[in-house]
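Visitor: fold the stuff below for me.
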Amino acid sequence: MTRSLYVRVVLTFLAAMAVGLVVSVLAGLALFEGKIDRIGQNDMIAAGEEIVRVYEQTRPENPDRFMQSMVQLTSYSVQLYAGSGVMKSFKFLPDTDDLAISPDSIRKVMEGAIYRSTSKDETTFIGLPFQIGGERQALFLLPSSKNESTLTHLMLTILGFVLITGSFCILIAAIYVVKPIKALTAATKRLAKGDFDVELGVKRKDELGILARSFNEMAVDLKQLEQMRQDFVSNVSHEIQSPLTSISGFAKALKDIKPIPENERIQYLDIILTESGRLSRLGDNLLKLASLDSNHHPLEYAAYHLDEQIRQAVVNCEPLWSGKKIRMELDLPLAAEITADKDQLNQVWMNLLGNSIKFTPEGGFIHIQITIRMDEYIVTLSDSGIGIAPEQLSRVFERFYKADRSRNRSAGNGLGLAIVKKIVDLHQGSIHIQSKAGQGTNVVVHLPAIPPVKT
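Guide: Predicted coordinates for the structure are as follows:
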C-alpha cells in the first residue's frame, strides 16, 4: 500500500519524537542519577535527624509506636538494627519487602558514622546512629515505593502530554507542508496534459516557495516553447506548401496543355526550377539550424585573415551588386587575423551581404568596415536599403520571421538571420541591427579575435 507524504511526515515525526524522548530520559538518568540520589539522601538524612531530635525531646514510652508514627509522617520506611543484631522494620506500605543491608554498613552506623548508599547497593538509603535507652542502634531510612511510583507516573504523564501535544501540532504542520506539494502534483498533471496556463499561487519564502516559483517559470517557458513549436510547424508547412503548389500547378499545365508555345514551356520550367531550388535551400537551412542547435558538428577553429575572407565574399557576390549598380565600399585593415571556424563565418558574411544587396535599390551603396578594439573585431555592414521598421527589429532573428509580410518569392524563407545569430553566438560574439524604415540598415557583429576558453 502506497503511503502519502502526509502519513510519512506524521509517522516520521512520531518516530523521531518517541526515539528522542527515550534517548532524553536515558541520557537524563545517566547524567543526573547521582545528583538525584544525593538530593534524596540529603532529604532522608534531614528526616532521620528530625526523628532522632523528636525522640530525644519526647522520650516516648513506646518506641515502636513512635517509630511507626514517624514513618507515616515522613513517608520513609525505617529499618532499626539493635546492637544484638535484631532488626525491626517499620514500613510505610505493608506489602513492601525489607531491604538487605550489609553488616559492614550496619557496623559503620553503630560506630557513629552517617552512611550513604553507593552504586553497589540495590537502592538509595541512609543510615544514622540512634540511641534508645542507653543502647546505640542503627537507624536506616528507605525511600517509599509510593513516592517513586508517583514520580514515575508524573514523568510518564508529562511525556505523554508532550507526545500528544506534539502529535497534534505535527498533524497541523504536516497539512501546511503537504498542501503546496499536492497543488504542485495537480499542476504537474495538468501540465503533462498540455495545459500550460497553470500557475501555483504559493507565496511562501521557503524551499517550497522557491520550488513553486520555479514551476511557474517552467510553465511559462514550456508555453513559449509550445507556441514556438506550433509557429515553427506552421511556418515550415507554409514554406513547403507554397513552392509545392507552384511546382504541381505548372507541371500539370505542362502535362495537360498539348499545344503549348515554346516560350511559355520554358517559362513554366524556369518557375519549376526556381521553386525546386527554393525548397532545396529551405531544406539546407533547416538541416544547418538543426546541426547548430544539436552541437553535433563542433566548431573547427583555425587562424586566418578576416579581411581576406570578407573581400572574397564581396567578390563572390559581385554579379548581384554590380547588376544593380550598387557602390561597394570597403574599409578593411590588412592582416586582421582571427581564430574562428572559417566556413561558418563565411556563411555569416554571405547571408548578411546577400540581404543588403537584396534590399538595397539600384544605385545605392554598401559599406563594410572592420574595427579592432582590444582583443575584439567589430564588423559593421551599412547599406542604403529600404530599412526595417522599429517594431520589427526585435524579431528579425526569429526563425521564419519576415519583415515583408507578403512572403513573396524574393523574401527568402526567414532562416538566414537566425543562422547568422546562431553562428555568432557559438563564436561567443554578439550581433545587433540598427535600422529605420527607408533610411538603410547597420548590422554590427562583435567577434573575439581568439575565442575565450570555456570552463
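Visitor: only C-alpha atoms from now on, for both contacts and neighbour counts.
Guide: OK.
Visitor: which residue ranges form the helices in the stretch 1-150 of the chain?
Guide: Along the stretch 1-150 of the chain, counting by DSSP state H, counting those that start in this stretch, helices occupy 5-58, 63-74, 103-110, 145-192.
Visitor: which one of these lies nearest to Ile423?
Guide: helix 145-192 (33.3 Å; C-alpha to C-alpha).
Visitor: any weak-confidence spans in the stretch 101-250 of the chain?
Guide: Residue ranges of the stretch 101-250 of the chain with pLDDT under 70: 145-152, 202, 204, 228-229, 231-239, 242.
Visitor: next, the buried residues of stretch 172-186.
Guide: Ala174, Val178, Pro180, Ile181, Leu184 (16 or more other C-alpha atoms under 10 Å).
Visitor: can you redo these as CSV with distance to Val109?
Guide: What follows is those, written out as CSV (distance: C-alpha to C-alpha, whole Å):
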residue, distance to Val109
Ala174, 61
Val178, 66
Pro180, 71
Ile181, 70
Leu184, 75
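Visitor: returning to what we had before: please tabulate the helices of the stretch 1-150 of the chain in CSV, including the columns distance to Asn355.
Guide: Supplementary listing: the helices of the stretch 1-150 of the chain in CSV, determined by distance: least, C-alpha to C-alpha, whole Å:
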stretch, distance to Asn355
helix 5-58, 60
helix 63-74, 109
helix 103-110, 112
helix 145-192, 41
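Visitor: what's the closest of these to Leu330?
Guide: Of all those, helix 145-192 comes closest under C-alpha to C-alpha, at 53.9 Å.
Visitor: output the contacting helices and strands for that closest one.
Guide: Packing partners of helix 145-192 (3 or more C-alpha pairs under 8 Å, 6 or more residues apart in numbering; DSSP states H and E): helix 5-58, helix 207-256.
Visitor: the first one vs helix 145-192, what angle?
Guide: Right, helix 5-58. Per axes from the mean of the first three to the mean of the last three C-alpha atoms, to 10 degrees, the angle that helix 5-58 makes with helix 145-192 is 170 degrees.
Visitor: check which helices and strands helix 5-58 sits against.
Guide: Using 3+ C-alpha pairs under 8 Å, 6+ apart, helix 5-58 sits against helix 63-74, strand 126-132, strand 135-142, helix 145-192.
Visitor: any idea how far that helix is from the chain center?
Guide: The chain centre lies 46 Å from the centre of helix 5-58; the measure is C-alpha atoms, centre = their mean, to the nearest Å.
Visitor: same question, the last one
Guide: For helix 207-256, the distance from its own C-alpha centre to the chain's C-alpha centre is 31 Å (C-alpha atoms, centre = their mean).
Visitor: ends of stretch 62-81, what's the gap?
Guide: For stretch 62-81, the first-to-last residue distance is 17 Å (C-alpha to C-alpha, to the nearest Å).
Visitor: quick check: buried residues in that stretch?
Guide: Buried positions in stretch 62-81, judged by neighbour count with 16+ other C-alpha under 10 Å: 66-68, 70-71, 74-81.
Visitor: nearest to Lys108, of these?
Guide: Checking the buried residues of stretch 62-81 one by one against Lys108 (C-alpha to C-alpha), the nearest turns out to be Tyr81, at 12.0 Å.
Visitor: now the helices for the stretch 301-450 of the chain?
Guide: Under the criterion DSSP H, counting those that start in this stretch, the stretch 301-450 of the chain contains helices at 306-316, 318-323, 342-359, 390-393, 416-426.
Visitor: pull the CA atoms of the last one into PDB?
Guide: Only the C-alpha atoms of helix 416-426 are listed here, as PDB (Å, rounded to 0.1, in the frame of the first residue of the first chain):
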ATOM      1  CA  GLY A 416      19.100  33.400 -42.900                       C
ATOM      2  CA  LEU A 417      19.400  35.800 -39.900                       C
ATOM      3  CA  ALA A 418      18.500  33.000 -37.500                       C
ATOM      4  CA  ILE A 419      21.500  31.000 -38.800                       C
ATOM      5  CA  VAL A 420      23.700  34.100 -38.600                       C
ATOM      6  CA  LYS A 421      22.700  34.700 -35.000                       C
ATOM      7  CA  LYS A 422      23.400  31.100 -34.000                       C
ATOM      8  CA  ILE A 423      26.800  31.000 -35.600                       C
ATOM      9  CA  VAL A 424      27.900  34.300 -33.900                       C
ATOM     10  CA  ASP A 425      26.600  33.100 -30.600                       C
ATOM     11  CA  LEU A 426      28.600  29.900 -31.000                       C
END
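Visitor: could you pull up the mean pLDDT of that helix?
Guide: Mean pLDDT, helix 416-426: 86.
Visitor: how about that helix: buried residues?
Guide: If you call a residue buried by 16+ other C-alpha under 10 Å, then helix 416-426 has these buried ones: Gly416, Leu417, Ala418, Ile419, Val420, Lys421, Lys422, Ile423, Val424, Leu426.
Visitor: any idea how far the most centrally placed residue in the chain is from Lys193?
Guide: With distances taken as C-alpha atoms, centre = their mean, Leu211 lies nearest the centre of the chain, 6.5 Å away. The gap separating Leu211 from Lys193 is 20 Å, by C-alpha to C-alpha.
Visitor: in the stretch 351-455 of the chain, which spans are strands?
Guide: 365-373, 376-383, 430-435, 441-448 (DSSP state E, counting those that start in this stretch).
Visitor: ok, back up a step: how about the buried residues of helix 416-426 in a markdown table, adding distance to Asn346?
Guide: Formatted as a markdown table, the buried residues of helix 416-426 follow (distance: C-alpha to C-alpha, whole Å):
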| residue | distance to Asn346 |
| --- | --- |
| Gly416 | 13 |
| Leu417 | 14 |
| Ala418 | 15 |
| Ile419 | 12 |
| Val420 | 10 |
| Lys421 | 13 |
| Lys422 | 13 |
| Ile423 | 10 |
| Val424 | 11 |
| Leu426 | 14 |
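Visitor: quick check: the two most widely separated of these?
Guide: Maximum pairwise distance in the buried residues of helix 416-426, criterion C-alpha to C-alpha, is 15.6 Å, between Gly416 and Leu426.
Visitor: closest to Ile132 out of the helices and strands packed on helix 145-192?
Guide: Closest to Ile132 of these, according to C-alpha to C-alpha: helix 5-58, at 8.8 Å.
Visitor: that closest one vs strand 126-132, what angle?
Guide: Using the same axes, to 10 degrees, helix 5-58 lies at 20 degrees relative to strand 126-132.
Visitor: mean confidence score for helix 5-58?
Guide: Rounded mean pLDDT across helix 5-58 is 78.
Visitor: for the residue lying closest to Val348 once chain neighbours are set aside, give me its contacts.
Guide: Leaving aside its sequence neighbours, Val348 sits nearest to Val420 (C-alpha to C-alpha, 6 or more residues apart in numbering; 5.1 Å). The contact partners of Val420, by C-alpha atoms under 8 Å, 6 or more residues apart in numbering, come to Gln347, Val348, Asn351, Leu352.
Visitor: and Gly363, how far from Ser322?
Guide: Applying C-alpha to C-alpha to Gly363 and Ser322 gives a distance of 10 Å.
Visitor: list the residues that contact both of the two?
Guide: Joint contacts of Gly363 and Ser322 (C-alpha under 8 Å, 6+ apart) do not exist.
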